[in-house]
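Enquirer: here's my sequence, what's the structure:
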Amino acid sequence: MNTLDNAFHSLHQSGLLVLANVADAGGARIVERLGGKAVATSSAAMAWSHGYQDGNKLPLDLLSSTVKSMTRMISVPLSVDIESGYSDDLAQVSQVISTVIAAGAVGINIEDGLGSAELLVRKIDVARKVANQAGVKLFINVRTDVYLKNLFPAEQRLEELLKRAALYAGAGADGLFAAAVVDSNEIAAICRDTKLPVNLLSCNGLPSPDKLQRLGVRRLSAGSSIAEFLFGAMGGLIRSFLDNGQLDTLALKAHTYGEVNALMAAKTE
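Expert: Numbering: from 1, shown residues only. As a prediction, the model looks like this:
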């Protein structure tokens, strides 16, 4: 085992690990220089930076080269968001995980999305086997999209999330990413019910970091929000420069996730 993998695990044992998700080596270096204890990618931000939409579309060679460029620049642990493994074929998922580990990652995010919980259980098993073969104590952070994608009626969501959390913990996950949960009572219930360190996504309505820590949350992620602002700001600067040859920084605002993702749609032939 290397020292970074153990260090990344230890960062989830107490306190609140705050992760500013970025897309590239420059962003990773900034996070480390500003005191980030670890660096995490946003799959959306990484895809957008290469001109691809979010949603399992980024080619493996670009994923690999980007992760390598990031680990070259930092000395803290790196966790890579691999969406749903970029495939439902377990052999392909195995290749993706092997690739990011070889590139220097010591953690991954992997999500259930619209797929079944049972399929993700099999992917977790694949991830652990690949990591063990590589001699890396990989931190497998499992994102459940029950809330994020509104997979169930509101009155059923918490029960379903907790059911999936138990499945994923039993399969060998190291963390639970309960994306889009914002209610304090639900957050407290999740932290009480699962043995896994709970990760939340920064979004409107979420309690303060201090309160999250008191509720038992162990990890807070920015997701794609930093990239959304950067693309919006870049668009504003480019527009002002094209219009009048000057960079107007007074009216910068974020794009939405949907606006950036639509922007990256492949051109029609």
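Enquirer: where along the stretch 101-250 of the chain do the strands fall?
Expert: Assigned strands in the stretch 101-250 of the chain, in chain order: 107-111, 139-144, 175-178, 198-201, 219-221 (criterion: DSSP state E, counting those that start in this stretch).
Enquirer: would you turn those strands into TSV with distance to I82, mean pLDDT and mean neighbour count?
Expert: Where you see a C-beta, it was placed from the backbone N, CA and C, and this is true even at glycine. Below are those laid out as TSV (distance: least, C-beta to C-beta, whole Å; pLDDT from 0 to 100; neighbours: other C-beta atoms under 10 Å):
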stretch	distance to I82	mean pLDDT	mean neighbour count
strand 107-111	5	98	26
strand 139-144	10	98	26
strand 175-178	13	98	27
strand 198-201	15	98	24
strand 219-221	14	98	22
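Enquirer: for this protein, which spans come out with low pLDDT?
Expert: Across the chain, residues meeting the criterion (pLDDT under 70) sit at 1, 267-269.
Enquirer: output the longest helix belonging to it.
Expert: The longest helix of the chain (DSSP state H) is helix 225-244.
Enquirer: and it, what does it pack onto?
Expert: Helix 225-244 is packed against helix 43-49, helix 257-263, with contacts defined by 3 or more C-beta pairs under 8 Å, 6 or more residues apart in numbering; DSSP states H and E.
Enquirer: can you redo these as a markdown table with mean neighbour count and distance to S84?
Expert: As requested, the helices and strands packed on helix 225-244 are arranged in a markdown table below (neighbours: other C-beta atoms under 10 Å; distance: least, C-beta to C-beta, whole Å):
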| stretch | mean neighbour count | distance to S84 |
| --- | --- | --- |
| helix 43-49 | 25 | 10 |
| helix 257-263 | 15 | 16 |
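Enquirer: how about S79: what's its closest non-neighbour residue?
Expert: The shortest distance from S79 to any non-neighbouring residue, by C-beta to C-beta, 6 or more residues apart in numbering, is to G107 (3.1 Å).
Enquirer: now the one you found: how far from M264?
Expert: Relative to M264, G107 is positioned 25 Å away (C-beta to C-beta, to the nearest Å).
Enquirer: coming back round to it: redo the helices and strands packed on helix 225-244 as CSV? Include distance to D89.
Expert: Supplementary listing: the helices and strands packed on helix 225-244 in CSV, determined by distance: least, C-beta to C-beta, whole Å:
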stretch, distance to D89
helix 43-49, 18
helix 257-263, 24
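Enquirer: any idea how far stretch 42-51 is from the middle of the chain?
Expert: The chain centroid and the centroid of stretch 42-51 are separated by 12 Å, computed with C-alpha atoms, centre = their mean, to the nearest Å.
Enquirer: and what of stretch 251-269?
Expert: Distance, centroid of stretch 251-269 to centroid of chain: 19 Å (C-alpha atoms, centre = their mean).
Enquirer: CA atoms of it as CSV?
Expert: Only the C-alpha atoms of stretch 251-269 are listed here, as CSV (Å, rounded to 0.1, in the frame of the first residue of the first chain):
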residue,chain,number,x,y,z
ALA,A,251,-21.1,41.1,-14.5
LEU,A,252,-19.7,37.6,-14.3
LYS,A,253,-22.1,34.8,-13.4
ALA,A,254,-22.2,31.0,-13.5
HIS,A,255,-23.7,29.0,-16.2
THR,A,256,-26.1,26.2,-15.0
TYR,A,257,-25.1,22.6,-15.3
GLY,A,258,-27.6,22.2,-18.1
GLU,A,259,-26.3,25.2,-20.1
VAL,A,260,-22.7,23.9,-20.0
ASN,A,261,-23.7,20.3,-20.8
ALA,A,262,-25.8,21.5,-23.7
LEU,A,263,-22.9,23.6,-25.0
MET,A,264,-20.7,20.5,-25.2
ALA,A,265,-23.1,18.5,-27.4
ALA,A,266,-21.3,17.1,-30.4
LYS,A,267,-21.6,19.2,-33.6
THR,A,268,-23.9,17.7,-36.3
GLU,A,269,-22.2,16.6,-39.4
